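Novice: curious how this folds, go ahead:
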Amino acid sequence: MVHCAATMAALTVQLLLMLLVILAAAEIFTNALEHLGARLGISEGVTGSLFAAVGTALPETMVPVLALAAGTGSAAVNADIGTGAILGAPLMLSTLSIFLMAATVLPRRGLGGRLRPERSGLLRDLNFFLAAFSIACLAMLVPYENRPLRAAMGFTLVLLYFLYSMLTLRASRTLVAEGHGTEAAKRMLLARTGLPVNMITIVVQLLGATALLVAGAEGFINGVEGVSHALAVSPLLLSLLIIPIATELPEKINSILWVRRGKDTLALGNITGAMVFQGTLLPAIGIVATPWEPRPEVLAGLVITLAAAAWLRLMARAGGLPLWALLVNGALYATYLAVTLATRA
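Specialist: Residues are numbered from 1 along each chain as shown. This is a model prediction of the structure:
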């Protein structure tokens, strides 16, 4: 009993330390990314939906890739971790991340307040995600033995992300002309040491922050895994519920930092752009490399994720996203927790 309590205490300290590392890395990352976007003269949509989304998606991307490539000695456990991590990431982004971002500015803007991102980019993100994730859901109905059809569906998802990236980049020039260019709110952190602000120092700060994000997230994941083992949580449930909470911290924190500064386009684009990335490329890997079976926990996650994304799409009006509507996404996450825990009882 004493040993167990000491272990839990050590894991708790590890989680807190890694959380501080992620917080510091997110601040450094967003600062450098704003300067990169401003120097390149690109829109906030490109900075948030492409650059920030892909950069901060590295931790959760590595979990299923490493699980499937190396993982444990059990192929079944590797498949469970890979499938859960692939599907858990967009679930967390579309529900819990959206809720936390809205809750952060709720005291300042009020329940009737709104987030006002650039609307065309938000709609593009959500439309592509809904289309891609629907294909990923349909792939679960295709038998694992039907490799050609599965490969075709995976390839379609990769093509969708390529098309999405091209359309996002193409729209950048017009958006910058309309006043949606990326602006750096603060002096670059490396410049405070006396270094000049140029592409070299911007890239160095970005790479350093990214490495710090990955290291912090990896340490957090290890701590969460230790807690889950102590609590006897299954690999699938671990990868659906617990690991994504840790790996999505960079997106959550980056978006919270941006929304608190009034940069709604960057804040939402960071989340919805990551949803597109993780709703296309990662499911493509899962469809080809895992059984990709519609188990109860997985089906519940699919339905909740699609419902959350569809709700955001419905609420993405010309006047902005109402904060009360984003709180519904938090309720959807709570619903998923209740359903999943009930099926495991």
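
Novice: going by C-alpha atoms from here, please, whenever you check contacts or count neighbours.
Specialist: Will do.

Novice: for residue 46, give its distance to residue 192.
Specialist: 27 Å (CA to CA, to the nearest Å).

Novice: higher neighbour count, those two?
Specialist: residue 46 (28 against 10; other CA atoms under 10 Å).

Novice: tell me if the more buried one really is in a helix.
Specialist: Yes: per DSSP: H, G, I helix; E, B strand; the rest coil, residue 46 lies within a helix segment.

Novice: show me what contacts it?
Specialist: Residue 46 sits next to 168, 169, 172 when contact means CA atoms under 8 Å, 6 or more residues apart in numbering.

Novice: count of residues packed around the second one?
Specialist: Think residue 169. Residue 169: 15 neighbours (other CA under 10 Å).

Novice: picking up where we left off before, min pLDDT across the contacts of residue 46, which one?
Specialist: Lowest-confidence member of the contacts of residue 46: residue 172, scoring 76 (pLDDT).

Novice: which residues touch that residue?
Specialist: 42, 43, 45, 46 are the contacts of residue 172 under CA under 8 Å, 6+ apart.

Novice: by neighbours, which of those wins?
Specialist: residue 45 (34 neighbours).

Novice: that one reaches residue 168, doesn't it?
Specialist: Yes: contact criterion CA atoms under 8 Å: residue 45 and residue 168 qualify, at 7.3 Å.

Novice: who touches both of these two?
Specialist: Looking at what touches both residue 45 and residue 168 (by CA under 8 Å, 6+ apart), the common residues are residue 121.

Novice: let me know the average pLDDT across stretch 199-208.
Specialist: Stretch 199-208 comes out at a mean pLDDT of 88.

Novice: how far does it sit from the chain's center?
Specialist: Offset of stretch 199-208 from its chain centre (CA atoms, centre = their mean, to the nearest Å): 22 Å.

Novice: buried residues in it?
Specialist: Burial within stretch 199-208, assessed by neighbour count using 16 or more other CA atoms under 10 Å, is assigned to 201, 202, 205, 206.

Novice: could you pull up the mean pLDDT of the top helix by length along the chain?
Specialist: For the chain, the helix with the greatest residue count under DSSP state H is helix 2-40. On average, the pLDDT along helix 2-40 is 76.

Novice: same thing with stretch 292-308?
Specialist: Here the average pLDDT along stretch 292-308 is 88.

Novice: just give me the closest of the buried residues of stretch 199-208 to residue 111.
Specialist: Minimum separation from residue 111 among the buried residues of stretch 199-208 (CA to CA) is found for residue 206, which lies at 35.2 Å.

Novice: wait, doesn't the closest one sit right on residue 27?
Specialist: No: look at residue 206 against residue 27 with CA under 8 Å: they stay out of range, at 10.7 Å.

Novice: is it true that residue 161 touches residue 282?
Specialist: No: in this structure, residue 161 is not within contact of residue 282 by CA under 8 Å, at 10.7 Å.

Novice: thinking again about what came up before, out of the contacts of residue 46, who's nearest residue 322?
Specialist: Taking CA to CA as the measure, residue 322 lies nearest residue 168 of those, at 24.4 Å.

Novice: residue contacts, that closest one?
Specialist: By CA under 8 Å, 6+ apart, the neighbours of residue 168 are 45, 46, 121.

Novice: quick check: residue 111 is in a strand.
Specialist: No: checked against three-state DSSP, residue 111 lies outside a strand; its state is coil.

Novice: how many residues are close by it?
Specialist: Residue 111 has 16 neighbours, counted by other CA under 10 Å.
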